[in-house]
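K.L.:
fold the following.
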Amino acid sequence: MRTTLSCLGLVLAIGALSTGTGCGSSGEDLMDVQVPWGTVTPTLRVTSNGPLSPLIPASQFTYGVIGTKVVGGRTYQRLAGGYDVPAGGTLTEATPGTDVWIDGIGTDSVTIAGLATHNALGALLPAPVTVTLDEPVTVNIHPTVGAPQTQTFNGTLGTGDTVSLTANYTMSEEGVTVQTSMGSVAGCRHFTGTVSVAGSGIPAALQGLGAAGEIWYSPTLGIVAAKSPDLGTLTDLQDQKDWGTPVDGEVAGRTMAVLDATHTSVTFSTYDRVGELDADMCVHAKMLAEVRWANDTDAATLGEPDPTLFRAEFNGGMGTFCWGGCLLTESPVSIFHPEDNGKGFKFWYAFISQALKNEYVEGGSKGSSYEIHVSKDASLPPIRVTMRIAYALPSAASNCAR
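P.N.:
Next comes the predicted model:
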């Protein structure tokens, strides 16, 4: 039983994250926000919906990098998956779950050196476990379609017992569309395969036991769906948030969410990046929201959301930049998701570039916040919202003259 989460951790980590994106110049002319979503970054936080195992008492999981681990003189990122993250909380090593030590995030060839579980995990795992691989294993996550792949992970538990996991997988198709809690996701790689475990650290009942499963991986969003009847796994993408890393005094953050009858609003605020008012009120922030109906049929046939039932707001400091909601502009193409283009879908945008110079007090702090808040009436069909904010960190050099 103790290896079930380890198997899932290795399998899901293989394709969970990709690469970071660069940023533009500093100053008033901030980086462009009207560009495609880009690849998955190490600063991404992903929420998945659905169970990984009947033995794990949760149906919502959060994934992301929580630090680094040095193994054999090489630095690996700790890609963690955990549950019971409280609302507004942070994924850390105290979160029940597993972190996999992985290098090569951002490429189609990732190397794994081991893993560790966090805390006791109930019936699944009564005590934390660490597995260090005898040799790091490099995994190809973009093989030739139809070409079988085999990877074997041989490791040693902290107790000295051995464990071996063998994964046989095939990329059965590429460029496919899969339905998720985030709506349809196009451009995915579809993998099918099996995993089996053995070793002195494996209970006799699990020796040689194989489990079949499927994974859908998006180069821009990571793993967006996975299922294994043998393991009781049926999970998919629910939302994503990524604040990136500051570059030359600038930050660009992005998020995706679906609003439905239960979750009727989403707020994306610069304050949430580090819990501080760290946006320069004297430099224009750029904010872009892209809206489409989450269901593909709705996205191709329905018109603009009723403005009395749907609202996109851009706020800053203590006020708002567009009273009563910002105007939406229709487009036949997606800026953030070019894989959706050419399918007859409609998209709507709201965009501003604004600062808060009138709130600045001479000699005072330049720190403030910018946010995008989108809400809908529960009666409307599900709506997918993608947002990006680019802003400058407070600087003595910024010009606050009105």
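K.L.:
okay, Ala198: pLDDT?
P.N.:
pLDDT recorded at Ala198 is 87.
K.L.:
quick one: contacts of the host helix or strand of Asp239?
P.N.:
Assigned by DSSP states H and E, Asp239 belongs to strand 233-242. Contact partners of strand 233-242, identified using C-beta atoms under 8 Å, 6 or more residues apart in numbering, comprise 8, 40-41, 43-53, 60-61, 178-182, 185, 213, 221, 223-227, 253-258, 268. C-beta here means a position set from N, CA and C on the backbone, and glycine is covered the same way.
K.L.:
now the residue most central in space within the chain: closest residue in space, sequence neighbours ignored.
P.N.:
Among the residues of the chain, the one closest to the centroid is Val46, at 3.1 Å (C-alpha atoms, centre = their mean). Using C-beta to C-beta, 6 or more residues apart in numbering and skipping the chain neighbours, the partner closest in space to Val46 is Tyr63 (4.5 Å).
K.L.:
in its sheet, what does the strand or helix carrying Gly187 sit against?
P.N.:
Of the helices and strands defined by DSSP H and E, Gly187 is found in strand 183-198. Applying DSSP bridges to the sheet, strand 183-198 is found paired with strand 162-180 (antiparallel), strand 210-218 (antiparallel).
K.L.:
just name the shakiest helix or strand of the protein by mean pLDDT.
P.N.:
None of the helices or strands of the chain scores lower by mean pLDDT, DSSP states H and E than helix 4-13, at a mean of 44.
K.L.:
next secondary structure after that one?
P.N.:
Following helix 4-13 in sequence, per DSSP H and E, is strand 44-49.
K.L.:
from the contact counts, what lies against that following strand?
P.N.:
On a contact count with 3 or more C-beta pairs under 8 Å, 6 or more residues apart in numbering; DSSP states H and E, strand 44-49 meets strand 60-71, strand 222-228, strand 233-242.
K.L.:
for those strands, give me TSV that also has mean pLDDT.
P.N.:
What follows is these, written out as TSV (pLDDT from 0 to 100):
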stretch	mean pLDDT
strand 60-71	92
strand 222-228	94
strand 233-242	92
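K.L.:
and among the ones you listed, the most buried is which?
P.N.:
Of all those, strand 222-228 has the most neighbours on average by mean count of other C-beta atoms under 10 Å, namely a mean of 23.
K.L.:
mind checking pLDDT for Asp230?
P.N.:
89.
K.L.:
what's the closest non-adjacent residue to it?
P.N.:
Nearest in space to Asp230, with sequence neighbours left out and distances taken as C-beta to C-beta, 6+ apart, is Ala211 at 3.9 Å.
K.L.:
next one: Gly175
P.N.:
Distance criterion C-beta to C-beta, 6+ apart; nearest residue to Gly175, sequence neighbours excluded, is Gly187 at 5.8 Å.
K.L.:
I'd assumed Leu221 was in contact with that neighbour.
P.N.:
No - look at Gly187 against Leu221 with C-beta atoms under 8 Å: they stay out of range, at 9.1 Å.
K.L.:
would you mind measuring from Pro143 to Gly104?
P.N.:
From Pro143 across to Gly104, the span is 15 Å (C-beta to C-beta, to the nearest Å).
K.L.:
could you do Trp243 as well?
P.N.:
The spacing between Trp243 and Gly104, counted by C-beta to C-beta, is 22 Å.
K.L.:
now Ser196
P.N.:
Going from Ser196 to Gly104 by C-beta to C-beta gives 24 Å.
K.L.:
likewise for Leu237?
P.N.:
Taking C-beta to C-beta, one finds Leu237 at 22 Å from Gly104.
K.L.:
what's the answer for Thr75, then?
P.N.:
Distance check for Thr75 against Gly104: by C-beta to C-beta, it reads 12 Å.
K.L.:
who has more neighbours, these two?
P.N.:
Legend: neighbour count by other C-beta atoms under 10 Å for Thr75 and Gly104, higher for Gly104 (18 against 11).
K.L.:
quick one, what contacts the more buried one?
P.N.:
Residues near Gly104 by C-beta under 8 Å, 6+ apart: Val110, Thr111, Thr138.
K.L.:
all set now, cheers.
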